[in-house]
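>>> Coordinates only, no sequence provided:
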């Protein structure tokens, strides 16, 4: 399978994911994973939102390197698929073109987020863009072996 075909499958898999795990490293070097529901792909990159008051915001500001792990529920082992996205998270500024794009993409992915946009209730949201460096795509339906690693340039 070509990288282009893999990237298409990865994007579709992410869009079809209801939840994912965001992993970051705290300043005490402890890795932390948090379930996330507010995310949307943007080509190879990914937007996500969280509360400005959450503990992850200052930690991500200190260490921007994060990963997002996508895995669907109730998969049979022989058809198991998962995606790991790795990159640097940068908070998106209100009024920037990335902010408008993020709000649109997040709203299209999540009815709850769209409802918050309609109510003008995004003041408490921190929106991030992950500039993706690599994907690791595991698709057991194509045989056993290590995940396919795709470097994003």
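Good, I have the coordinates. These figures come from a predicted structure and were not determined experimentally.
>>> Name every strand pairing with whichever strand or helix holds residue 22 and say which way it goes.
Using DSSP states H and E, residue 22 falls within strand 20-25. Applying DSSP bridges, strand 20-25 is found paired with strand 31-36 (antiparallel), strand 65-71 (antiparallel).
>>> Which of the ones you listed sits closest to residue 110?
strand 31-36 (10.8 Å; C-beta to C-beta). In this view, the C-beta of every residue, glycine as well, is placed from N, C-alpha and C.
>>> so which of the strands paired with strand 20-25 is the most packed in?
Among these, ranked by average contacts under mean count of other C-beta atoms under 10 Å, first place goes to strand 65-71 (a mean of 19).
>>> which element follows that strand toward the C-terminus?
Next along from strand 65-71, by DSSP H and E: strand 81-91.
>>> Show me what the helix or strand just after that next one is in contact with.
Per DSSP H and E, the first helix or strand lying C-terminal to strand 81-91 is helix 97-109. By C-beta atoms under 8 Å, 6 or more residues apart in numbering, the residues outside helix 97-109 that reach it are 15, 38-42, 47-49, 92-93, 113-114, 117, 122, 127, 129.
>>> what's the offset of helix 97-109 from the middle of its chain?
Offset of helix 97-109 from its chain centre (C-alpha atoms, centre = their mean, to the nearest Å): 13 Å.
>>> quick one, it and strand 81-91 angle?
140 degrees (axes from the mean of the first three to the mean of the last three C-alpha atoms, to 10 degrees).
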